[in-house]
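J.: heads up, no residue letters with this:
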């Protein structure tokens, strides 16, 4: 795939390097750790609108249609630096390999393959011994062979919130996390219809993920 597809992920990887270079300085504050997470993600429709049906009876000349990413695997690499007891800065990069599915009436069809990269900087607070919450902002980038992205920005700001539990399992430090993301999306290709009778609407896309993770090294104090 073209390298531009991973622009958002590259920004996060640069951030991870930034964490690693001044490691001694950060270690004096609260330590460093790296975590790998994997899970599944679902999404609300990217595009939702109406398709005109000229042959339909009066009052029934349109049907709702949706273009939605299907359930897909999600892989995330995160680096954390302690800021103070129970509070850390987390920079993460995530990748999703999915496909777009269209639905209209009772019919569904494949629209095309879809790749998504995101990069997020967030604050993570530990709540007691096991629980944690986090929230932050970043960028999300879409790449697909579908015309739904024509003339539309593919790199967009994204809000992320999450909560989970940190566990000890067989000597390994693991985590279970639920994550939600939200970003705006508008399709220039479908907004006006271009004479096709299909008109989409701009709106907000929500993504929800369940992840399991393992801490690969380091530790926060």
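T.: Yes, it's here. Worth saying up front: this structure is predicted, and the values here are computed from it rather than measured.

J.: so who does residue 37 touch?
T.: 75-78, 175, 177, 211-213 (CB atoms under 8 Å, 6 or more residues apart in numbering). (Glycine included, C-beta is placed from N, CA and C.)

J.: what about the helices in the chain?
T.: Taking DSSP state H, the helices of the chain run over residues 7-20, 23-29, 188-191.

J.: Stretch 38-53 - what's its average pLDDT?
T.: For stretch 38-53, mean pLDDT rounds to 78.

J.: And residue 184, how far from residue 168?
T.: Taking CB to CB, to the nearest Å as the measure, residue 184 falls 40 Å from residue 168.

J.: More neighbours: these two, which one.
T.: Taking neighbours as other CB atoms under 10 Å, residue 184 and residue 168 compare with residue 184 leading, 12 against 9.

J.: mind checking how far the closest residue to the more buried one other than its chain neighbours is from residue 134?
T.: With sequence-adjacent residues excluded and distances taken as CB to CB, 6 or more residues apart in numbering, residue 184 is closest to residue 204, at 5.7 Å. Note on residue 204: its distance to residue 134, by CB to CB, is 21 Å.

J.: Equivalent analysis for residue 216, please.
T.: 18 Å.

J.: out of those two, which sits in the busier spot?
T.: Using other CB under 10 Å as the criterion, residue 216 and residue 134 rank with residue 134 on top: 23 against 14.
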